[in-house]
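Chemist: One predicted model, sequence on top.
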Amino acid sequence: MKKTTKSFAGQMIRVCLFGIVMPLVAIELLFLLGIYGMSRRDIDAKMTRELNKISESMDVLMTSMNVMSWLLMADGTVGQGLYSYFEEEDSVTKGNLLIYLQEQIGHYEVANPSIGNITYIFVPSGEGAPRKINQTSLAYGSLPLDEHILCHKQQVTYYGPHMSDSKVAKYPCLSLTRIYKEGIAHGDVYIYLESGFRYLETIIPSRVEEVNAIFRIEAQGGETQYSTDEEVFPLYKIPEASATGLWNLKKKYKMYELPKEGGWKLQLWVPMGEYYSHIRTLTLNFSLITLMVVGICIIISVQQWRGVYRPFVQFEEYLQLIAESDDVEAGIFRMDIREFDDQFALIEKMKNDIALLLTRIQQEEKRYNELEFKAVSGKMTPHFLHNTLDTLKWFAAEKQEREMVCFITSLNKLLLYNMSKIPETTLGSELEAVNNYIVLQEMKYDLDFHIEAGKYPQLLAADMPRFCLQPLVENAILHSGSDKVQVWIEVELLINGKIAILVKNTGKPLEPERIEAAKRLGKDVSIAGIGLPFVVRMLENRFGDNFEIKAMHMAGGINVVEIRIPFEMGKALESRGDEEDGERRHDKGVHSGG
């Protein structure tokens with residue numbers, strides 16, 4: 001039971017580790033990767049929205065300024081009154097026109113709070129300084145500097161952001177100039193207007209929330225027109241002037257850019273540290289939430305395991321005890337769960353039925369093997385006698401009578417060996433029987449036969465099924481296809497402890513494929529009718545699957561049939577003495593009869 005408890009604890013650890021923790025950790029890692037990517041996309045979308053928001057507000061402002069400048073130039077009241085002002089020579093009338101212009105301009109400024117400091121500026125020909133036409137304007141009456149140019153579009157020049165030209169206060173603004181009429185009284189007239197009082201400050205952020213991004217406005221020439229950090233982006237300078245400077249900036253900052261009509265650009269430069277810190281913060285927040293969910297899932301899983309899976313693990317442990325123990329009752333405990341206890345009772349009944357069935361099968365198989373051996377042996381004996389008598393007939397006709405004693409002696413030994421009722425023998429006895437068989441065949445064939453037993457004489461005591469080598473030698477002689485037959489047997493001890501017995505012959509090449517088919521299908525390929533299938537069956541009866549037999553044709557015209565068997569010594573040695581006594585008695589009877 002202690003072993004069962006330890007196994008149960010190990011099973012519990014494996015289930016928790018591989019069934020719960022590792023899958024959840026893998027899911028958590030995949031989720032974190034997804035959250036990380038989502039956080040990046042979130043901050044990228046936030047920066048893009050911020051730029052679009054600024055862009056839309058500036059587009060509205062610049063459009064309003066453009067429309068206002070066009071009205072001041074083309075309107076039938078203000079524009080026409082200004083033209084009359086330049087054409088009128090009477091000073092009183094001219095003064096009244098100027099008052100009228102100032103009143104109309106005041107109406108425009110009140111009606112459009114996003115626009116202020118509307119001023120008509122006259123620039124005399126030559127080097128005369130610009131001067132205001134409508135003196136009530138709060139602007140100084142000077143044109144912006146060229147370095148403040150943002151872009152040119154639609155016959156209008158935009159400036160800034162730059163500090164307002166107002167006499168009242170200093171604040172950043174956008175300004176616009178549009179030429180009203182050229183060549184009037186030896187000079188040019190421009191319409192100048194700015195964004196309203198501190199209006200631009202409501203559009204341009206002083207700091208992008210959370211990431212401390214630098215906001216930059218780039219003029220159409222590449223110069224910095226506005227920057228929330230003038231140390232990084234000095235005003236009226238081109239940061240991209242050197243490749244090294246641009247490369248260093250892009251190493252330290254992630255840039256978001258929005259090109260605008262007219263060639264100018266809006267940019268947000270987010271420090272890399274702030275960028276990744278924000279991403280990590282978002283990821284960490286999501287991770288904490290998911291870890292809480294994972295923890296809750298683990299707690300629920302453990303509770304489910306305790307209530308559902310644990311009985312199944314115990315059931316598996318008890319089944320293992322049944323498999324490993326002959327005494328089922330000694331290793332099984334009642335689980336007090338009706339369903340499982342019923343299954344144990346059913347398993348015990350099945351175990352007993354299976355054991356009884358296996359016993360019957362083993363008995364039937366043993367009886368079948370015995371009957372098969374007797375049938376094969378009965379078939380073998382008349383077959384061998386037929387071949388031997390045929391040889392004896394040929395010998396009587398061709399040879400001299402003085403050699404008959406040697407022939408009959410070998411025949412008697414071989415008959416005594418082959419007709420034994422004991423299926424097992426030793427390798428030495430099997431080789432001796434082959435020698436006696438060769439003595440008989442030498443009367444008919446021109447044989448060159450020898451046995452190489454190797455340098456380990458103890459191998460000859462190994463167990464060997466009876467009558468396995470003689471059919472192979474017989475086939476080697478009959479299949480050689482030559483009058484001069486060379487046959488020999490080699491015995492070797494292999495590294496793995498098995499014995500290799502090689503029956504070799506010269507002559508007509510054998511067909512390994514045909515012999516392999518005979519092994520698989522049981523179809524005999526021998527001339528006389530007892531061959532390889534019989535040998536395979538005898539080896540199977542003795543060694544089961546622990547043997548090998550194969551055939552090959554080697555270089556030099558040598559055919560080889562190799563048998564590999566385990567080096568075993570058993571009851572064959574016990575019956576060897578009885579056989580030798582029988583052979584001696586038989587030889588004595590033959591000699592006395594002779």
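Modeler: Perfect, thanks for sending it.
Chemist: which residues in the stretch 451-594 of the chain form strands?
Modeler: Per DSSP state E, counting those that start in this stretch, the stretch 451-594 of the chain carries strands over the ranges 463-465, 484-493, 498-506, 548-554, 558-566.
Chemist: out of these, deepest packed?
Modeler: Compared across the strands of the stretch 451-594 of the chain, strand 463-465 shows the largest average neighbour count, a mean of 23 (mean count of other CB atoms under 10 Å). In short, each C-beta sits where N, CA and C put it, glycine included.
Chemist: In the stretch 51-200 of the chain, where is pLDDT below threshold?
Modeler: Filtered on pLDDT under 70, the stretch 51-200 of the chain yields the residue ranges 75-97, 100, 127, 181-186.
Chemist: Return the per-residue confidence for His278.
Modeler: Note for His278: predicted pLDDT of 74.
Chemist: so how far is the first residue of stretch 264-279 from its last?
Modeler: Across stretch 264-279, the terminal residues are separated by 30 Å (CA to CA, to the nearest Å).
Chemist: before we move on, what about stretch 487-505?
Modeler: 4 Å.
Chemist: what's it in contact with?
Modeler: Applying CB atoms under 8 Å, 6 or more residues apart in numbering, the contact partners of stretch 487-505 are 427, 431, 434, 438, 447-454, 456, 459-460, 462, 469, 472-473, 476-477, 479-480, 485-486, 558-567.
Chemist: and stretch 449-468, which residues are buried?
Modeler: 449, 459-468 (16 or more other CB atoms under 10 Å).
Chemist: Could I have the CA atoms of stretch 150-159 written out in CSV?
Modeler: Taking C-alpha atoms only, stretch 150-159 is exported to CSV below (Å, rounded to 0.1, in the frame of the first residue of the first chain):
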residue,chain,number,x,y,z
LEU,A,150,5.4,77.1,-42.9
CYS,A,151,4.2,76.5,-46.4
HIS,A,152,2.8,78.1,-49.5
LYS,A,153,-0.6,77.0,-51.0
GLN,A,154,-3.5,78.5,-52.8
GLN,A,155,-1.8,81.9,-53.3
VAL,A,156,-1.4,82.1,-49.5
THR,A,157,1.7,81.9,-47.3
TYR,A,158,1.4,80.4,-43.9
TYR,A,159,3.8,81.2,-41.1
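Chemist: Can you point out the buried residues in it?
Modeler: Buried residues in stretch 150-159, counted by 16+ other CB under 10 Å: 150-151, 153, 156-159.
Chemist: how about the residues you listed, which pair is most distant?
Modeler: The most widely separated members of the buried residues of stretch 150-159, counting by CB to CB, are Lys153 and Tyr159 (12.7 Å).
Chemist: how about low-confidence regions in the stretch 251-400 of the chain?
Modeler: Across the stretch 251-400 of the chain, the ranges flagged by pLDDT under 70 are 304-315, 318-319, 321-341, 343-344, 369-400.
Chemist: Helices along that one, start to end?
Modeler: Using DSSP state H, counting those that start in this stretch, the helices of the stretch 251-400 of the chain run over residues 272-304, 310-324, 328-331, 338-398.
Chemist: in the first one, what's buried?
Modeler: In terms of neighbour count (16+ other CB under 10 Å), helix 272-304 has its buried residues at 274-276, 278-279, 282-283, 286-287, 290, 294, 301.
Chemist: Distance-wise, check the closest residue to Tyr456 other than its chain neighbours relative to Ile501.
Modeler: Leaving aside its sequence neighbours, Tyr456 sits nearest to Leu493 (CB to CB, 6 or more residues apart in numbering; 5.3 Å). The spacing between Leu493 and Ile501, counted by CB to CB, to the nearest Å, is 11 Å.
Chemist: Could you tell me which residues make contact with Glu365?
Modeler: With contacts defined as CB under 8 Å, 6+ apart, Glu365 has no neighbours.
Chemist: Roughly how far does it sit from Asp165?
Modeler: Glu365 is 116 Å from Asp165, where distance means CB to CB.
Chemist: Am I right that Gly141 is in a strand?
Modeler: No: counting by DSSP: H, G, I helix; E, B strand; the rest coil, Gly141 is not part of a strand but coil.
Chemist: Count the neighbours of it for me.
Modeler: The number of residues packed near Gly141 is 20, by other CB atoms under 10 Å.
Chemist: Please tell me how far it sits from Ala129.
Modeler: Distance, Gly141 to Ala129, by CB to CB: 9 Å.
Chemist: for Ile289, same thing?
Modeler: Plainly put, Ile289 is 68 Å away from Ala129 if you go by CB to CB.
Chemist: if we can go back for a sec, switch the buried residues of stretch 150-159 over to JSON lines; also include distance to Ser227 and secondary structure.
Modeler: As requested, the buried residues of stretch 150-159 are exported to JSON lines (distance: CB to CB, whole Å; DSSP: H, G, I helix; E, B strand; the rest coil):
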{"residue": "Leu150", "distance to Ser227": "14", "secondary structure": "strand"}
{"residue": "Cys151", "distance to Ser227": "17", "secondary structure": "strand"}
{"residue": "Lys153", "distance to Ser227": "23", "secondary structure": "strand"}
{"residue": "Val156", "distance to Ser227": "24", "secondary structure": "strand"}
{"residue": "Thr157", "distance to Ser227": "21", "secondary structure": "strand"}
{"residue": "Tyr158", "distance to Ser227": "18", "secondary structure": "strand"}
{"residue": "Tyr159", "distance to Ser227": "16", "secondary structure": "strand"}
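Chemist: Alright, that wraps it up for me.
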